[in-house]
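> My questions concern the predicted model and sequence given below.
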Amino acid sequence: MSETNDQVYLKPNFIAEPLYDRWYAWTHLISPVTAALNIKERHLKIMDSFIKNAKVHEIAVATPAMRGGPFIDYPKERTGDILELKEKTLAAQSQSLALADAIIELNALLIQKGKGFSLESLYAEVPELLKGYVELVYDINNRASFRFFEKLLYHSVFFNKSSQSMAFQLVNSDDSRSFVLSTPRLDDAHILHLNIAFDDMVLDHLYKMENEPNSYNEIKQLLKINEDQEPLFKDFFTSEAPKKYERYTGEGIRTRYFGHACILIESKDVTVLVDPVISYEYDTDLPRYTYTDLPDTIDFVLITHNHQDHVIYETLLRLRHKIKNIIVPSSSMGDLQDPSLKFNLESVGFKSVFQLNDMDSIVIEGCKIQALPFLGEHGDLDVRSKLCYHVTLKDSLKILFVADSCNIEPKIYEHVEAIVGSADVLFLGMECDGAPMSWLYGPLLPERLEKEKDQSRRLAGSNCERGMDLVKRFKPKDVFVYAMGMEPWLEYISSIKYTDESKPIIESSKLIEECKNLSINAERLYGEKTLHY
């Protein structure tokens, strides 16, 4: 950056990780209840394990078979830093930890005394911290439970915005970041940590500088950069203009694959971005689309489900100034395991968030977006915040996004197809191994699930047989296997690294072959792909 040129751009390899207590922020660290339980049952336990025996963690993170496990990716020399982070967490999160204890206490109360009689008398025994935030209920099998008035908790002491921060750095390779669910972000010479809440609009001002030049001194002042921080901060900017995005002006439809489950659909009238996760721009042998390949305005962002590889705040916050509307699945409203995506997104500064239920639809500018049922992939938990999408453009092209839906009951899609009809293009997730349910939801469980049961309840998508049922049902001309977490720049959120013997590779290869035998174009997507219709 020239010393005399105050007008600068963000470098295309600049990243800003949103953090909560120095842990990578995802939806379960923003919703107050799930954050409390993740701090208590995930973060503190991982840190305690590292403090006790850091060498075990060093060995584990170097072992491919243990990738994605609860192991901190730092050398044992940083044990003191982890101990310091633990102590800071205990001090900063005393209210949240008390909330977690109160939830555990309430569960025990209902197990002991919820025997089918009226629950009215038990309100007096609800832990004080939870009074006014929960309703006691029975399910139709007379099992006592509770639900939260979730929105109230976002206005309580348990929603701790002071624990939110951003970690600024430059990234130069696909393997430079540790897996986010297991490793906090400690101080480092190449990382600038700033105490910025996620809903602070100064982030929009910063991110706009990716494509529009602005004053370096102005952004430095807005972010309150001090003299010690400036040498590193200055390196995030350049006077070199980025490549210019070329707006699609054709009469048809352009569809671009950005990696994992991220698809951009463009006509000259409307843009739709599904499950945003975008790579950064740096020297690499693997071609990919980056932020510079996105339009200036995104009419709709579609979120299929509430998992950390589909709702990525690192990407969403960077795009917030471009996004006009976000469509999310409606949650089950107050269930512990199913926090509201709408509340979550609104809390970080999104203004136009719409919830859809199964078979709801929105029509705008020659584009119809219809929500369809999403089966399985959540370890049999009662999670409603998941949708597939059937997108119709110009009353002709029909695209079906199934994401990680596991077609465990084909009759459902038989009913769906009878209503919405066929699809021209099918995007199908086939990560059919899937982690055990407790890998993601373990901190929310009142009791540890037996290993055999946990292993049977996996976060898995469709295999070949179930995927082919969808193909035969919706009769697409093109089938694309996606959402596999294959791209190397995604390992920090997926921890996935396949071999030729991996079940998802074998099953998706079988499906592709079967499609081709039926004269259907089929491909497993990787890196980048552009399609014109």
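Nice, thanks for sending it over. What you are looking at is a predicted structure, and each value in this text was computed from that prediction instead of being measured.
> C-alpha only now, for contacts and for neighbours.
Will do.
> Helix, strand, or coil at the residue nearest the centre of the chain?
Centroid-nearest residue in the chain: V311, 2.5 Å away (criterion: C-alpha atoms, centre = their mean). Here V311 is recorded as coil under DSSP: H, G, I helix; E, B strand; the rest coil.
> thinking it is in contact with P276, fair?
Yes: shown here, V311 and P276 form a contact pair, counting by C-alpha atoms under 8 Å, at 7.4 Å.
> next one: the host helix or strand of E17 to chain centre, how far?
Assessed by DSSP states H and E, E17 sits inside strand 14-20. Here strand 14-20 is found 14 Å from its chain centre; the criterion is C-alpha atoms, centre = their mean, to the nearest Å.
> Identify the neighbouring strands of that strand in the sheet and state each direction.
strand 23-24 (antiparallel), strand 164-170 (antiparallel) (DSSP bridges).
> average pLDDT across the last one?
If I follow you right, that is strand 164-170. Mean per-residue pLDDT for strand 164-170: 98.
> Need the residues that contact it.
Residues outside strand 164-170 that contact it (C-alpha atoms under 8 Å, 6 or more residues apart in numbering) are 13-22, 190-198, 236.
> again, 6 Å this time
Contacts of strand 164-170 with the rest of the structure, by C-alpha atoms under 6 Å, 6 or more residues apart in numbering, involve 13-20, 191-197.
> Just the CA trace of it, in CSV.
The C-alpha coordinates for strand 164-170 follow below in CSV (Å, rounded to 0.1, in the frame of the first residue of the first chain):
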residue,chain,number,x,y,z
GLN,A,164,-18.0,-11.5,20.7
SER,A,165,-14.9,-10.4,18.8
MET,A,166,-13.2,-10.6,15.4
ALA,A,167,-9.9,-12.1,14.4
PHE,A,168,-8.3,-10.3,11.4
GLN,A,169,-5.6,-12.0,9.4
LEU,A,170,-4.4,-12.9,5.9
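> I'd like the next helix or strand past it.
strand 192-194.
> For the helix or strand following that next one, give the mean pLDDT please.
Downstream of strand 192-194, the first helix or strand assigned by DSSP H and E is helix 202-208. For helix 202-208, the mean per-residue pLDDT is 98.
> What are the contacting residues of helix 202-208?
R318, H321.
> can we see that at 10 Å?
Residues outside helix 202-208 that contact it (C-alpha atoms under 10 Å, 6 or more residues apart in numbering) are 9-10, 14, 16, 166, 196-197, 201, 212, 214, 216, 219-220, 222-223, 296, 317-322.
> The following helix or strand past it pairs with which strands, and in what direction?
Using DSSP H and E, the helix or strand that follows helix 202-208 towards the C-terminus is strand 214-215. Using DSSP bridges, the strands paired with strand 214-215 are strand 7-10 (antiparallel).
> Count residues in the vicinity of D174, would you?
When neighbours are counted by other C-alpha atoms under 10 Å, D174 registers 18.
> In this model R288 seems to touch it, though I could be wrong.
No: D174 is not in contact with R288 according to C-alpha atoms under 10 Å; the separation is 11.6 Å.
> quick one: which of the contacts of strand 164-170 is nearest to T79?
Using C-alpha to C-alpha, I191 is the member of the contacts of strand 164-170 that lies nearest T79, at 19.0 Å.
> Chain neighbours aside, what residue packs nearest to Q169?
I191 (5.0 Å; C-alpha to C-alpha, 6 or more residues apart in numbering).
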